[in-house]
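**Q** the sequence and its predicted three-dimensional model are supplied below.
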Amino acid sequence: MRRYVVTVIFIVFAPIGLFGQRDQATAPLGSSPQAINESGPGQSEANRPVLQHRNPRYTVQSEDVLVITFPLSPEFNQTVTIQPDGYITLAGGGDLYIQGMTIPEVVEALRKSYVKILHDPIINVDLKDFQKPFFFVGGQVGKPGQFALRYNTTVAEAIAIAGGLSPAAKTQAFLYRRVSSDWFEVKELKLKDVMGGKKQTEDVRLQPGDMIIVPENFISKFRKYVPYSFTLGGWRIP
């Protein structure tokens with residue numbers, strides 16, 4: 001009787017890129033959140049800035065005033081101011097740290113604090129007073145400083161509000177927008193084109209906390225991402 005030997009060969013395929021080099025992701029100003037690295041190869045993933053979400057919810061800060069109401073237990077209604085250390089003192093609920101929370105997160109934190117003395121408490125929180133939105137213009141402008149952001153304002157309009165360009169100003173500006181607690185995203189704008197009506201679509205609308213720096217003529221290069229605290233042309237940011 002003849003015997004046959006059967007050899008079975010297993011071939012394992014690995015998805016391309018799974019064990020190879022990682023892709024590098026970049027995103028323009030205001031895009032969806034993702035890690036970005038513009039400082040060159042070799043930097044660890046942990047140091048890469050992450051973009052913020054579009055249309056983020058407001059997070060409460062120190063000196064904000066909150067009105068807290070209990071529809072079923074009105075004796076606990078109160079108005080509180082967030083202290084500089086981020087805490088509020090609750091009637092019958094002790095101290096509670098809420099700085100950096102959104103209003104829905106504050107409501108949930110309050111429920112956890114009062115569940116010890118109230119059964120399934122219903123709590124409403126209204127933001128009575130808060131930090132007003134602002135933008136900052138520095139460098140070679142007529143009146144550098146911080147300004148209230150009361151309506152849709154573009155970079156060109158912000159520079160006009162700040163007194164316009166000084167004689168020593170370069171016809172460009174750098175827009176610094178926070179993308180994390182430690183990083184700003186930097187966008188270069190050619191003011192000559194924008195103000196000349198050639199590229200109006202590049203005249204970016206400001207968001208609260210944006211900073212515009214108009215450099216002197218000798219400054220021409222920039223990095224897309226910079227640490228939160230640095231110095232540029234005599235201006236320290238922040």
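**A** Structure's in. What do you need?

**Q** now W183: how far from Y114?
**A** For W183, the distance to Y114 equals 38 Å [C-beta to C-beta, to the nearest Å]. C-beta here means a position set from N, CA and C on the backbone, and glycine is covered the same way.

**Q** ok, now A168?
**A** In this view, A168 and Y114 are 59 Å apart by C-beta to C-beta.

**Q** between the two, which has more neighbouring residues?
**A** The neighbour comparison of A168 against Y114 (other C-beta atoms under 10 Å) goes to Y114, with 22 against 12.

**Q** quick one: that one and Q78 touch, right?
**A** No: Y114 is not in contact with Q78 according to C-beta atoms under 8 Å; the separation is 11.4 Å.

**Q** give me the helices and strands touching the helix ranked longest in the chain, please.
**A** Secondary structure of the chain per DSSP state H: the longest helix is helix 103-114. Under the contact definition 3 or more C-beta pairs under 8 Å, 6 or more residues apart in numbering; DSSP states H and E, helix 103-114 sits against strand 87-90, strand 94-97, strand 124-129.

**Q** mean confidence for the first one?
**A** When you say that, I think you mean strand 87-90. Computed over strand 87-90, the mean pLDDT rounds to 95.

**Q** quick one: buried residues of it?
**A** Y87, I88, L90 (16 or more other C-beta atoms under 10 Å).

**Q** and it, which strands flank it?
**A** Take DSSP bridges as the rule and strand 87-90 pairs in its sheet with strand 94-97 (antiparallel).

**Q** now do the buried residues in the partner strand.
**A** Neighbour counts over strand 94-97 (16+ other C-beta under 10 Å) mark L96 as buried.

**Q** report pLDDT for the nearest residue to F70 once chain neighbours are set aside.
**A** Leaving aside its sequence neighbours, F70 sits nearest to F76 (C-beta to C-beta, 6 or more residues apart in numbering; 4.5 Å). In the prediction, the pLDDT value recorded for F76 is 95.

**Q** S180 too?
**A** On the pLDDT scale, S180 is placed at 77.

**Q** and if you look at S62?
**A** As predicted, S62 sits at a pLDDT of 87.

**Q** Q99 now?
**A** Taking Q99 on its own, its pLDDT is 92.

**Q** run a quick neighbour tally on it.
**A** Neighbour count for Q99, taken as other C-beta under 10 Å: 17.

**Q** element containing it, please.
**A** Q99 is part of no helix or strand, with elements assigned from DSSP states H and E.

**Q** strands of the chain, start to end?
**A** Under the criterion DSSP state E, the chain carries strands at the ranges 65-69, 78-81, 87-90, 94-97, 124-129, 134-139, 145-148, 173-178, 183-189, 211-214, 225-227, 230-232, 235-237.

**Q** any idea of the mean pLDDT in the fifth one?
**A** Meaning strand 124-129. Strand 124-129 comes out at a mean pLDDT of 93.

**Q** H119 versus D210, what's the distance?
**A** D210 is 46 Å from H119, by C-beta to C-beta.

**Q** again but with F135, I slipped
**A** Here F135 is placed at a distance of 47 Å from H119 (C-beta to C-beta).

**Q** look at the two and report which has more neighbours.
**A** Between F135 and H119, counted using other C-beta under 10 Å, the more crowded position is F135 (21 against 8).

**Q** show me what contacts that one?
**A** For F135, the contacting residues are Q146, F147, L149, T153, A158, L206, P208, G209, D210, M211, I212, by C-beta atoms under 8 Å, 6 or more residues apart in numbering.
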